[in-house]
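A.B. asks: Sequence first, then the predicted structure:
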Amino acid sequence: MTQIKVRPLDEAESYEVTVIDSDESSTRHFVTFSEQSFSKLSHQDQSPEECLKAAFLFLLDRESKEMILARFEFNVIKQYFPEFDHHFKNYLKKV
């Protein structure tokens, strides 16, 4: 089972996301997640950490953890996967 750990960083709106597979291999990703993006997606019911976990579940259904960019801004996801906004709420339910 894959684990997704999200840790806020000292920089405003920055997070470290670690993805750990059942074989104990892991990847680290640094994501900038603006308050504006958070407000649009969460409806304030979830935390930024929960939103990031949901986004990574979405990404992991489409590519391996090694293929996910090491450093990116949250909104770039929909540039690679235009269906992201449509499916995001379903992934939030899994968190």
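C.D. replies: Happy to help now that I have it. Fair warning: this is a prediction, and the values are worked out from it, not measured in the lab.
A.B. asks: So residue 5 belongs to a helix, correct?
C.D. replies: No. Secondary structure assignment places residue 5 outside any helix; it is strand (DSSP: H, G, I helix; E, B strand; the rest coil).
A.B. asks: and it, how many residues sit next to it?
C.D. replies: Other residues lying near residue 5 total 15 when counted by other C-beta atoms under 10 Å. For every residue, glycine as well, the C-beta is placed using N, CA and C.
A.B. asks: how close does the residue lying farthest from the centre of the chain sit to residue 1?
C.D. replies: Taking C-alpha atoms, centre = their mean, the residue of the chain most remote from its mean C-alpha position is residue 23, at 21.0 Å. Residue 23 is 11 Å from residue 1, where distance means C-beta to C-beta, to the nearest Å.
A.B. asks: Hmm, residue 88 is touching residue 56, no?
C.D. replies: No. With contact defined as C-beta atoms under 8 Å, residue 88 does not count as touching residue 56 (11.6 Å).
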